[in-house]
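Visitor: no FASTA, just this:
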């Protein structure tokens, strides 16, 4: 049995096979005449003229793919964490989230449904198409967010959070799957960093935006915290509609369907040729039950998941509790919201710098370990320093380290996984652990330990030590397998020339 039905995704194989065995020659109105032999070049055989053409096509992809995916993911990030802004703005008192563990429960249930629906949603990406699935998910959680503005019982907030978890579950892995299908292994982290940069920028000003929205308090007799959900939910619906027209799919699906979204067939062929030169998996393979169980049993894919948990746990910890942490040394709610922005703005610079160096040096692990150390220091300084300035500096370190590690870890997994079926499972597993990281953060930062949250801090610190240990394990594993491939001609992931990267 196959997970992939007869759809444009099924036509992908035949299209790619044809392009592997023919010479593509045409006159393109943007690129001019050129002959390209698909699937037959090595990087050192590419002419300078063709490199210039490829760079031109790559810029077009950057403009078409990254901004809209980044904006849609950014609004998902705001919708995921705006509960903390609403809590500070008055929801705590109106719906009595100050009683017991109600707030932690509302945080937790999101990740339960997120965990359950992430892998199934990811597997729907090829059959349904990127445009339909991604815009449909965003429209759905935006509608739920809008409805939260009229909720009068804390238990209904919990139900809405569960629904948002269902609809947001597959969005991140689907974005990563789509991005990785267009770029080479050692140019993908910069693109993922640019994509994630939009999320960091919106996160930086999301708290300030929430503060501005709260100023609508009393308008139409609606409380300020309710306006946060109403305005941000309506904005999400608008962006989802925009995404339906702007999101592009997989290059081979676009060729097969004839719906090229503003690209020429030649441009798409160039992209497939680049992918084949890099990792020889432009021709997709169906995800069948035997392949599913084979990939699920691969322990390496689960290590990528645990690595991502170590990144997501501190990200969610800071996202959900940064206002509370800053509120311990600043009295004004407005100043708390304003102080949330600089750490995320600085993390943008650090994230891009790490991505640029990682792609240039073709290394991931050293930067993962470096960012882990920075996150660890930030957490401890924030928790144990008695000086407000030092604690704020700790927030800068913690936010920057864990957020810079997110695109680094995604690129690390993407670089070391080939074939569509294996990548779909790898993405699903990796981002399952994003949900586990959220559960981990929301349950270990306990209200009874306010304002120090010592248990939560040390649990987050433990994840950084785990990441360092996993990097050592994977380094030794990859080194051994690469050596076996070189000396004994052992084939890695069905491709003789494929090698693991560090």
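Guide: Arrived safely, thanks for sending. As the structure is a prediction and not an experimental result, all values here were calculated from the model. Residues are numbered from 1 along each chain as shown.
Visitor: so what's the most centrally placed residue in the chain closest to, chain neighbours aside?
Guide: Nearest to the mean C-alpha position of the chain, by CA atoms, centre = their mean, lies residue 172 at 4.4 Å. Excluding the flanking residues, the one nearest residue 172 by CB to CB, 6 or more residues apart in numbering is residue 431, at 5.3 Å. All C-beta atoms are positioned from the backbone trio N, CA, C, and that covers glycine.
Visitor: secondary structure element holding the one you found?
Guide: Here residue 431 sits within helix 420-444, counting by DSSP states H and E.
Visitor: and that helix, what other elements does it pack with?
Guide: helix 102-122, helix 125-128, helix 171-180, helix 289-296, helix 299-326, helix 388-415, helix 454-488 (3 or more CB pairs under 8 Å, 6 or more residues apart in numbering; DSSP states H and E).
Visitor: let's test this: mean pLDDT of the fifth one, rounded?
Guide: For helix 299-326, the mean per-residue pLDDT is 87.
Visitor: residues of it that come out buried?
Guide: Neighbour-count burial for helix 299-326, counted by 16 or more other CB atoms under 10 Å, picks out 300-326.
Visitor: what about it, distance to the chain center?
Guide: Remark: helix 299-326 is offset 12 Å from the chain centroid, using CA atoms, centre = their mean, to the nearest Å.
Visitor: over to the last one?
Guide: A distance of 21 Å separates the centroid of the chain from that of helix 454-488, by CA atoms, centre = their mean.
Visitor: which other helices and strands contact that helix?
Guide: Checking 3+ CB pairs under 8 Å, 6+ apart, helix 454-488 ends up next to helix 299-326, helix 365-384, helix 420-444.
Visitor: now those helices as a markdown table including distance to residue 246?
Guide: A markdown table is the format used below for the helices and strands packed on helix 454-488 (distance: least, CB to CB, whole Å):
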| stretch | distance to residue 246 |
| --- | --- |
| helix 299-326 | 27 |
| helix 365-384 | 31 |
| helix 420-444 | 22 |
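Visitor: quick check: closest non-adjacent residue to residue 398.
Guide: For residue 398, the spatially nearest residue (CB to CB, 6+ apart) is residue 378, at 2.9 Å.
Visitor: how many neighbours does that neighbour have?
Guide: Using other CB atoms under 10 Å, residue 378 has 26 other residues around it.
Visitor: so what's it up against?
Guide: 394-401 (CB atoms under 8 Å, 6 or more residues apart in numbering).
Visitor: can you give the contact residues for stretch 224-237?
Guide: The contact list for stretch 224-237, computed with CB under 8 Å, 6+ apart, reads 75-76, 78-79, 82, 85-87, 89-91, 94, 138-139, 141-150, 209-210, 213-219, 222.
Visitor: just the buried ones from those residues?
Guide: For these, buried by 16+ other CB under 10 Å: 75-76, 78-79, 82, 85-87, 89-91, 138-139, 141-146, 148-149, 209-210, 213-214, 216.
Visitor: my guess is the residue nearest to the centre of the chain meets residue 435, correct?
Guide: No - counting by CB atoms under 8 Å, residue 172 stays clear of residue 435, with 9.9 Å between them.
Visitor: elements contacting whichever strand or helix holds residue 256?
Guide: If you go by DSSP H and E, residue 256 is part of helix 251-257. Applying 3+ CB pairs under 8 Å, 6+ apart, one finds that helix 251-257 contacts helix 8-20, helix 265-279.
Visitor: right, and the helix or strand after the helix ranked longest in the chain?
Guide: In the chain, assigned by DSSP state H, the helix with the most residues is helix 48-86. Note on helix 48-86: by DSSP H and E, the next helix or strand toward the C-terminus is helix 92-94.
Visitor: distance from the chain centre to that next one, please.
Guide: The answer for helix 92-94 is 32 Å, by CA atoms, centre = their mean.
Visitor: report the mean confidence score over that helix.
Guide: In this model, helix 92-94 has a mean pLDDT of 87.
Visitor: name the residues that touch that helix?
Guide: Under the contact criterion CB under 8 Å, 6+ apart, helix 92-94 has outside partners 98, 103, 223, 225.
Visitor: quick one: which of those is most hemmed in?
Guide: Of those, with other CB under 10 Å as the count, residue 225 tops at 26 neighbours.
Visitor: in the protein, what spans have low per-residue confidence?
Guide: For the chain, the stretches with pLDDT under 70 are 1-45, 281-282, 284, 447.
Visitor: how many neighbours does residue 391 have?
Guide: 19.
Visitor: cool, residue 129 as well?
Guide: 21.
Visitor: tell me the spacing between it and residue 84.
Guide: 34 Å (CB to CB, to the nearest Å).
Visitor: residue 100 now?
Guide: Distance, residue 100 to residue 84, by CB to CB: 17 Å.
Visitor: and if you look at residue 432?
Guide: For residue 432, the distance to residue 84 (CB to CB) stands at 24 Å.
Visitor: quick one: end-to-end length of stretch 121-128, please.
Guide: One end of stretch 121-128 sits 10 Å from the other (CA to CA, to the nearest Å).
Visitor: what do you get for stretch 323-334?
Guide: 11 Å.
Visitor: for the nearest residue to residue 322 once chain neighbours are set aside, grab phi and psi.
Guide: By the measure of CB to CB, 6+ apart, the closest residue to residue 322 outside its immediate chain neighbours is residue 340, 5.6 Å from it. Dihedral angles of residue 340 (phi, psi; degrees, to the nearest 10) stand at phi -70, psi -20.
Visitor: residues contacting residue 340?
Guide: So residue 340 contacts 204, 207-208, 322-323, 326 (CB under 8 Å, 6+ apart).
Visitor: would you confirm that residue 169 contacts residue 123?
Guide: No - in this structure residue 169 lies outside contact range of residue 123 using CB under 8 Å: 11.6 Å.
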